[in-house]
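Enquirer: Got a sequence here, can you build the structure:
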Amino acid sequence: MLRSPSPAARTSVPVSARIGLLRDPDFGRLFAATALGQLGDRILFLALPLTAIVALHADAFQVGLLSALTTAGSLLVGLPAGAWVDRMRKRPVMAGADLTRALVLVTVPAGWWAGVLSIRWLYAVALAHGVLTVFFDVAYVSCLPHLVGRGQLVEANAKLSAIRSVTSIGGPAVAGPLAGWAGGPGTLVVSAAGMAVSGLLASRIRRREEKPRASAAGERPRLRQEIGQGLKFVFRQPVLRATVLGDAVFNLFLVMYQAMLLVFLERRVGLGTSAVGLVLSGMGCGALLGALLATRVARRLGQGPVIWLAPLLTCPLTALMPAARPGWSVCGAALGLSALSLGGVVRVVAQSSVQQALTPDRLLGRMSATARFVSWGGLPLGGVLGGALGSAFGAAATLWIGAAGMTLSFLPAFLSPLRAPRTARPSPATTG
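Expert: Presented below is the predicted three-dimensional model:
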């Protein structure tokens, strides 16, 4: 059994050792790009639906549809994106996607100031942003093993999760008061700026990546064949199959939950934009704690058990939100959301490291795209269902259903080899 180091031992660890991968300039650029891009994304998460709710007076179904379109990119281009990214160097894809996302978001304040902004305009922006995010995320996951090496994936994922968690705290905390002062459309200018700088930083990563090789005949396989290779690889691996199916269940009910969360807080609990930002910042605090604990928890319990234990222990606490009423009970509900974020980050760090370690380089893009397609393919349905259930039964009932569904997402991993008391750390994959 692992033992915690003594205080003296902890204080004797050199600062350079604690910094670890951050000493590497290229990883430092990716780290900074992640911070700014995620800050922009966290601001977007609050500002776009608030623009619909406050500026355009959207109803519950329209808010749910907006949420659905934000994630529809995974369903529309999720599988071909992996094959395309596997054909290209990853750095230009990340930089181009971020810069284009920034340009797309700037159209919202421009349309608002020109007096022509509509809910359909927001739908188009949400869809375009979601499609570009698919390409960025697939390239991002594929780039990391090349950038840091497979032996340092857990550390890299933990550090990147930590900075994402910090921005999850800072983003809503900034977005809430900023939205109250400048309005949702004006707040999106800050979101676009963060993504633009993120793209510029990604473009400055210096480590040269080899261009993916063509086949022996000098021709690449057809797109359909490449997509099929990715699907077969993921679904023939029991561990990969379990992780993506668990994610699919979790994400479906999470989006149903999120689609009505802002509606519930703004209209049922009566919170203003600043208070909503503070509640969402609490989620970021839980995520930060999860990122700080992720490596230690994975070492103690094994990466496999962490993947199913995290949702089983933390998702039930999200039921505190629909039980909340105006007053102090909102604080307890916010703690439940913080626990959800903590468990989610611990799970994702372990899960991402397992997925990357099990996948050969030539299939990383397709593995990531297949996992995203299956895991996120139901997100548009979740948004639509969330909006429809919210319209039919109310926001609180939808939150109860979402909490129950997220808890059940532990089952695929629990019923797989990941259930073992200590799942062995996977060896780097060499075959596909």
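Enquirer: Give the residue spans of this structure that score low on pLDDT.
Expert: Residue ranges of the chain with pLDDT under 70: 1-20, 150-151, 165, 167-180, 182-183, 209-221, 421-432.
Enquirer: residues in contact with residue 354?
Expert: 239, 243, 303-304, 307, 426 (Cβ atoms under 8 Å, 6 or more residues apart in numbering). C-beta coordinates here come from the backbone N, C-alpha and C atoms, glycine included.
Enquirer: Need those residues in TSV (columns: neighbour count and secondary structure).
Expert: Listed next are these as TSV, based on neighbours: other Cβ atoms under 10 Å; DSSP: H, G, I helix; E, B strand; the rest coil:
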residue	neighbour count	secondary structure
239	21	helix
243	30	helix
303	26	helix
304	28	helix
307	31	helix
426	17	coil
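Enquirer: From those residues, pick the one nearest residue 70.
Expert: residue 243 (23.0 Å; Cβ to Cβ).
Enquirer: Next, the contact list for that closest one, please.
Expert: So residue 243 contacts 307, 351, 354-355, 371, 412-413, 418 (Cβ under 8 Å, 6+ apart).
Enquirer: Of the residues you listed, which is the nearest to residue 294?
Expert: Closest to residue 294, out of all of these and judged by Cβ to Cβ, is residue 351, at 10.5 Å.
Enquirer: give me the number of residues near the residue nearest to residue 337 when sequence neighbours are not counted?
Expert: Of all residues not flanking residue 337 in the chain, residue 283 sits nearest, at 4.7 Å (Cβ to Cβ, 6 or more residues apart in numbering). Residue 283 has 24 neighbours, counted by other Cβ atoms under 10 Å.
Enquirer: Please verify my assumption that residue 283 contacts residue 340.
Expert: Yes: between residue 283 and residue 340 there is a contact under Cβ atoms under 8 Å: 7.1 Å.
Enquirer: State the distance from the residue nearest to residue 337 to residue 191.
Expert: Distance, residue 283 to residue 191, using Cβ to Cβ, to the nearest Å: 18 Å.
Enquirer: One more: residue 129?
Expert: Residue 129 sits 10 Å away from residue 191, going by Cβ to Cβ.
Enquirer: Those two: which is more packed in?
Expert: Per other Cβ under 10 Å, whichever of residue 129 and residue 191 has more neighbours is residue 191, with 30 against 23.
Enquirer: pretty sure the more buried one is touching residue 108, no?
Expert: No: Residue 191 is not in contact with residue 108 according to Cβ under 8 Å; the separation is 9.2 Å.
Enquirer: Which helix or which strand is home to residue 248?
Expert: Per DSSP states H and E: residue 248 is located in helix 238-263.
Enquirer: buried stuff in that helix?
Expert: 239-263 (16 or more other Cβ atoms under 10 Å).
Enquirer: What helices and strands are in contact with whichever helix or strand comes after that helix?
Expert: Beyond helix 238-263 on the C-terminal side, the first helix or strand identified by DSSP H and E is helix 273-301. Packed against helix 273-301 by the contact rule (3 or more Cβ pairs under 8 Å, 6 or more residues apart in numbering; DSSP states H and E) you find helix 25-50, helix 153-203, helix 303-314, helix 329-358.
Enquirer: cutoff 10 Å now
Expert: Packed against helix 273-301 by the contact rule (3 or more Cβ pairs under 10 Å, 6 or more residues apart in numbering; DSSP states H and E) you find helix 25-50, helix 153-203, helix 238-263, helix 303-314, helix 329-358.
Enquirer: Now tabulate those helices in a markdown table and tack on distance to residue 92.
Expert: Shown next, in a markdown table, are these (distance: least, Cβ to Cβ, whole Å):
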| stretch | distance to residue 92 |
| --- | --- |
| helix 25-50 | 13 |
| helix 153-203 | 7 |
| helix 238-263 | 27 |
| helix 303-314 | 32 |
| helix 329-358 | 21 |
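Enquirer: how about those, which one is nearest residue 86?
Expert: Nearest to residue 86 among the helices and strands packed on helix 273-301 is helix 329-358 (14.3 Å), distances taken as Cβ to Cβ.
Enquirer: starting at the chain centroid, how far to that closest one?
Expert: On the basis of Cα atoms, centre = their mean, to the nearest Å, helix 329-358 sits 11 Å off its chain's mean C-alpha point.
Enquirer: Go through it and flag the buried ones.
Expert: 330, 333-334, 336-358.
Enquirer: What of stretch 393-403?
Expert: Buried, per 16+ other Cβ under 10 Å, within stretch 393-403: 394-396, 398-403.
Enquirer: and what of stretch 412-422?
Expert: 412-414, 416, 418.
Enquirer: who touches that stretch?
Expert: Stretch 412-422 is contacted from outside by 237-250, 299-312, 347, 350-351, 354, 423-424, using Cβ atoms under 10 Å, 6 or more residues apart in numbering.
Enquirer: chain center to that stretch, what's the gap?
Expert: Stretch 412-422 sits 23 Å away from the centroid of its parent chain (Cα atoms, centre = their mean).
Enquirer: Using CSV, list the CA coordinates for it.
Expert: C-alpha atoms of stretch 412-422 as CSV (Å, rounded to 0.1, in the frame of the first residue of the first chain):
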residue,chain,number,x,y,z
PRO,A,412,-20.9,0.2,-18.2
ALA,A,413,-17.5,0.6,-16.4
PHE,A,414,-18.6,-1.4,-13.4
LEU,A,415,-19.7,-4.3,-15.7
SER,A,416,-16.3,-4.3,-17.5
PRO,A,417,-12.7,-5.3,-16.7
LEU,A,418,-12.4,-1.8,-15.0
ARG,A,419,-14.3,-3.2,-12.0
ALA,A,420,-11.1,-5.0,-10.9
PRO,A,421,-9.9,-3.8,-7.5
ARG,A,422,-6.8,-2.4,-9.1
